[in-house]
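Trainee: let me see the structure of the following:
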Amino acid sequence: MAITKYDPFRDYEDFPAGLRLFQDTLNRFLSEPATQRPWTPSVDVLETENELVLKADLPDVSLKEIEIQIENGTLSLKGERKFEREQNGVGYHRIERSYGTFARYFSVPDTVDTDKVKADYKNGVLTVTLPKKEVAKPKSIKVEVHQ
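Mentor: Next up, the predicted model:
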């Protein structure tokens, strides 16, 4: 069985000029190797009573390629996932994962104690823990009712 390239517009060869430009752009995007597409890692941000936690999926990213900075109320997460070229005559049949540099930026509220931020990298997941200042933590106040 022969492998044929999918062309979603095969049956629409009579497109007007404006749609033809759209078709050419879409075809070029779908046929480019993934190494040329920008890559943005997925990130979850959650809040607990005592901290904000940021979890970023960074599979195959070396720890030495990750840079974390907090400056002027912004947390920046930068890095690079490098593409390994052919090795020992092994060639790729398909490349779907994206590679290259990435940068993500997050606003950090004033309630975060930036001097106590911690980061952990395990199994391809970067976890950045941003503890809240004592002032920002919720406090229980007992209300007394006088009759």
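Trainee: quick one: residues contacting the most centrally placed residue in the chain.
Mentor: Central residue of the chain (C-alpha atoms, centre = their mean): residue 41, 1.9 Å from the mean position. By C-beta atoms under 8 Å, 6 or more residues apart in numbering, the contact set of residue 41 is 56-58, 61, 77, 102, 104. For glycine as for every other residue, the C-beta is placed from the backbone atoms N, C-alpha and C.
Trainee: repeat that with 10 Å
Mentor: For residue 41, the contacting residues are 56-59, 61, 77, 79, 81, 98, 102, 104, 124-126, by C-beta atoms under 10 Å, 6 or more residues apart in numbering.
Trainee: where does pLDDT dip in this protein?
Mentor: For the chain, the stretches with pLDDT under 70 are 1, 7-21, 28-37, 85-87, 89, 136-138.
Trainee: for it, what spans make up the helices?
Mentor: 17-31 (DSSP state H).
Trainee: list the buried ones in stretch 120-132?
Mentor: Buried residues in stretch 120-132, counted by 16 or more other C-beta atoms under 10 Å: 126, 128-132.
Trainee: scratch that, stretch 46-61 is what I was asking about
Mentor: 51-52, 54-56, 58, 61.
Trainee: now render these as JSON lines, adding distance to residue 67.
Mentor: Compiled in JSON lines, those are given as follows (distance: C-beta to C-beta, whole Å):
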{"residue": "51", "distance to residue 67": "22"}
{"residue": "52", "distance to residue 67": "19"}
{"residue": "54", "distance to residue 67": "14"}
{"residue": "55", "distance to residue 67": "17"}
{"residue": "56", "distance to residue 67": "12"}
{"residue": "58", "distance to residue 67": "12"}
{"residue": "61", "distance to residue 67": "11"}
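Trainee: of those residues, which is the nearest to residue 108?
Mentor: residue 52 (8.0 Å; C-beta to C-beta).
Trainee: nearest to residue 6 among the buried residues of stretch 120-132?
Mentor: Nearest member of the buried residues of stretch 120-132 to residue 6, counting by C-beta to C-beta, is residue 126, at 35.4 Å.
Trainee: now do residue 104 against residue 82, distance only.
Mentor: To residue 82, residue 104 is 18 Å away according to C-beta to C-beta, to the nearest Å.
Trainee: so where do the strands sit in this protein?
Mentor: 43-47, 51-57, 67-71, 74-81, 100-107, 118-122, 125-131 (DSSP state E).
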